[in-house]
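**Q** no sequence on this one, just coordinates:
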Ligand code: ZN
């Protein structure tokens, strides 16, 4: 179990130091949501582009703690290429898992599973879920 936690921490630090899909685009095909988490100082913007029911791209930018910034990167890598239904299903189960609500553990959270340990730290749950909530928001805007 200790080795798993070390591995998870390495994945989180890798995404924090080398974020994937970082940087916003100026493109009207993207929907943009900006969310702040005042309790920690996280301030993040998420953009998503959905075409033909597929998440074609996700961009993120902002400042915040390592959990928040890395989870935006992990979220983008996990959800790009998924159908919008799959992406929302993963996102909703991920946030339920974090907040200790019943969730469907047959849904593959992929790399996002590395945040499982965050649920032991209630103050950090918002840090780990803010990017995902923002993603959900961008998809609602496009309805
Ligand atoms: Zn934070």
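**A** Yep, it's here. Everything quoted here is computed from the prediction, not taken from an experiment.
**Q** what residues does the chain put near the ion?
**A** Residues of the chain lying near the ion by CB under 5 Å from the ion: 40, 42, 64, 65, 68, 127. Glycine gets a C-beta too; all of them are placed from N, C-alpha and C.
**Q** which of these fall in helices?
**A** Residues from these lying in helices, with DSSP state H as the criterion: 68, 127.
**Q** need the residues of the chain next to the ion in TSV with pLDDT, can you?
**A** Shown next, in TSV, are the residues of the chain next to the ion (pLDDT from 0 to 100):
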residue	pLDDT
40	94
42	97
64	95
65	96
68	97
127	97
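**Q** from the residues of the chain next to the ion, pick the one nearest residue 20.
**A** The shortest gap between residue 20 and any of the residues of the chain next to the ion belongs to residue 68, at 14.9 Å (CB to CB).
**Q** and the closest one, what is it in contact with?
**A** The contact partners of residue 68, taken as CB atoms under 8 Å, 6 or more residues apart in numbering, are 37, 40, 42, 44, 62, 127, 128, 130, 131.
**Q** kindly reformat those as CSV containing neighbour count and distance to residue 9.
**A** Below are these laid out as CSV (neighbours: other CB atoms under 10 Å; distance: CB to CB, whole Å):
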residue, neighbour count, distance to residue 9
37, 17, 21
40, 16, 18
42, 22, 19
44, 23, 21
62, 20, 21
127, 26, 15
128, 29, 13
130, 26, 20
131, 29, 18
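**Q** determine which two of those are furthest apart.
**A** Every pair of the contacts of residue 68 checked by CB to CB; the farthest is 62 and 128, at 14.3 Å.
**Q** buried ones in stretch 17-35, by neighbour count?
**A** For stretch 17-35, the neighbour count (16 or more other CB atoms under 10 Å) marks 19, 20, 21, 30, 31, 32, 33, 35 as buried.
**Q** no further queries at this time; thank you.
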